[in-house]
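[1] structure for the following, please:
(one chain, ligands or ions: 2)
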Amino acid sequence: MPVVRMLRQVACWMLQSRACGCRASVLPSRLLGTSSRQIPTDANFHSTSFSEADQQRVLITGGLGQLGVGLASFLRKRFGKDNVILSDIRKPSEHVFLSGPFIYSDILDYKNLREIVVNNRITWLFHYSALLSAVGEANVSLARAVNITGLHNVLDVAAEHGLRLFVPSTIGAFGPTSPRNPTPDLCIQRPRTIYGVSKVHAELMGEYYYYQYGLDFLCLRYSGIISADSQPGGGTTDYAVQIFHEAVKSGRFECNLKPDTRLPMMYIDDCLRATLEVMEAPAESLSMRTYNISAMSFTLAELAQEVLKHIPELQVTYNVDPVRQAIADSWPMNFDDSNARKDWGWKHDFDLPELVTTMLNFHGSESRVAQAN
Ligand SMILES: NC(=O)c1ccc[n+]([C@@H]2O[C@H](COP(=O)([O-])OP(=O)(O)OC[C@H]3O[C@@H](n4cnc5c(N)ncnc54)[C@H](O)[C@@H]3O)[C@@H](O)[C@H]2O)c1
Ligand SMILES: C[C@@H](O)[C@H](N)C(=O)O
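    Ligands and ions are numbered 1, 2, ... in the order given. All right, here's what the predicted structure looks like:
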């Protein structure tokens, strides 16, 4: 065998064994930038020692939405305040601005994104920018740009600079032809919203980059996330956050979905913990790169019933929005997350009663503070 061919085969074998069985090909031309560099061969060498973990430099895109500020504060406890940079195209509140590094970043601006990654020596990227399901249907071309073109930029920057990349997907990545009760990790995915289509695209592109270029891509399909101190950004599951706010503020809640609408939901603390846990899981424990995660599933009537135990005078009425109802009716009712539980030990803490108590305690104390002022 000619020496050159033999050496090439050995090099290829070494690349493949480092990259956990995936194929490390040459990157597409944009990813090479001006340095003509290939992706580092150990880019998805996915095990975290304490000293390595302490050195992570994290960027969160779309960080001023419902989830990003909470994620930043969670990760800052782990990696130190100055090692976690929040970014968005909106102006941060004073509180957010003072609580750690914030930077302007439009994910549609590839060069700016690359500059931020290089100048700040970023090692992990959490890509949270997106238009959610309801606002996405109201502005399809913007959703297509942010959710699809933006993702391409993020994938290229992450691959070029050997980052570990987390992109959240959603129950919305399934559609009316998917099994709904329960919905497994692998099944038909034919969503009918631009949001869902873009998230299936993100899952597939991320996994393609993983297998083709060794990009260390990870994705969790989140349920509807319920948070106390941040507002939802225009999704179909927003009602499950708003009911608490209205219950305490006005004692009345008008819901835009039917009472028997059942969807998977999760409290934000569980969601953020799952996100860090999967990012720190040893590579050999991960049999997949995209996992369902779940905590609870309830109908609106069941949610209202649980809130009524605490606020018996709450009045819930229904004024159905046909667009949101059609979306909800096409999504999973129960999410099968057995692979996440088996592979990396995922376990939720919050079920419906704890969720309701926690949310009402937060809003109750907020409103008492407001009244006192
Ligand atoms: N919140 C949920 O219930 C939920 C459930 C499943 C998945 N997710 C996913 O988690 C991620 C975060 O969700 P969220 O609820 O915080 O979303 P959000 O809508 O509240 O926030 C998204 C953020 O993206 C920013 N953004 C929009 N265009 C941008 C651009 N061009 N460049 C940079 N930033 C831009 C917005 O300003 C906004 O702050 C999203 O990818 C979402 O799909 C959320
Ligand atoms: C479910 C999730 O992706 C988001 N909260 C939405 O409703 O669009």
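[2] report the rounded mean pLDDT for the helix or strand hosting residue 355.
    Assessed by DSSP states H and E, residue 355 sits inside helix 352-372. The predicted model assigns helix 352-372 a mean pLDDT of 84.
[3] next one: stretch 80-99
    pLDDT averaged over stretch 80-99 gives 98.
[4] so where's the stretch 251-373 of the chain uncertain?
    367-373 (pLDDT under 70).
[5] hey, where'd the strands end up in it?
    252-255, 262-267, 290-292, 296-299, 315-318 (DSSP state E, counting those that start in this stretch).
[6] repeat for the stretch 51-200 of the chain
    58-61, 84-88, 102-104, 124-127, 164-166, 169-170.
[7] kindly reformat those as JSON lines containing distance to residue 151 and mean neighbour count.
    Yep, even glycine has a C-beta here, placed from its N, CA and C like the rest. Formatted as JSON lines, those follow (distance: least, C-beta to C-beta, whole Å; neighbours: other C-beta atoms under 10 Å):
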{"stretch": "strand 58-61", "distance to residue 151": "10", "mean neighbour count": "26"}
{"stretch": "strand 84-88", "distance to residue 151": "15", "mean neighbour count": "24"}
{"stretch": "strand 102-104", "distance to residue 151": "19", "mean neighbour count": "16"}
{"stretch": "strand 124-127", "distance to residue 151": "7", "mean neighbour count": "24"}
{"stretch": "strand 164-166", "distance to residue 151": "10", "mean neighbour count": "24"}
{"stretch": "strand 169-170", "distance to residue 151": "11", "mean neighbour count": "26"}
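[8] how about those strands, which one is nearest residue 299?
    strand 169-170 (19.4 Å; C-beta to C-beta).
[9] helices or strands next to the closest one in the packing?
    Helices and strands touching strand 169-170, by 3 or more C-beta pairs under 8 Å, 6 or more residues apart in numbering; DSSP states H and E, are helix 194-213, strand 216-222.
[10] roughly how far is it from the heart of the chain?
    Offset of strand 169-170 from its chain centre (C-alpha atoms, centre = their mean, to the nearest Å): 6 Å.
[11] what's the answer for stretch 119-138, then?
    8 Å.
[12] write out the residues of the stretch 201-350 of the chain neighbouring ligand 1.
    Neighbours of ligand 1 within the stretch 201-350 of the chain, by C-beta under 6 Å from any ligand atom: 222, 224, 225, 232, 233, 235, 237.
[13] if any of those residues are buried, put those into a PyMOL selection.
    Remark: buried members of those, expressed as a PyMOL selection using 16 or more other C-beta atoms under 10 Å:
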select buried, resi 222+224+225+232+233+235+237
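[14] of the residues of the stretch 201-350 of the chain next to ligand 1, which ones also sit close to ligand 2?
    Answer for these near ligand 2 (C-beta under 6 Å from any ligand atom): 224, 235, 237.
[15] which residue is the nearest non-sequential neighbour of residue 161?
    residue 117 (5.3 Å; C-beta to C-beta, 6 or more residues apart in numbering).
[16] how about the contacts made by the one you found?
    Residues counted as contacts of residue 117 (C-beta atoms under 8 Å, 6 or more residues apart in numbering) are 59, 125, 157, 161, 163.
[17] residue 220 too?
    Contacts of residue 220 by C-beta under 8 Å, 6+ apart are 166, 168, 169, 274, 275, 278, 290, 291, 292, 293, 340.
[18] same check on residue 286?
    In this structure, residue 286 makes contact with 46, 218, 278, 343, 344, judged by C-beta under 8 Å, 6+ apart.
[19] cool, residue 316 as well?
    243, 252, 253, 254, 255, 304.
[20] got the contact list for the first one?
    Residues in contact with residue 243, defined by C-beta under 8 Å, 6+ apart, are 253, 255, 303, 304, 307, 316.
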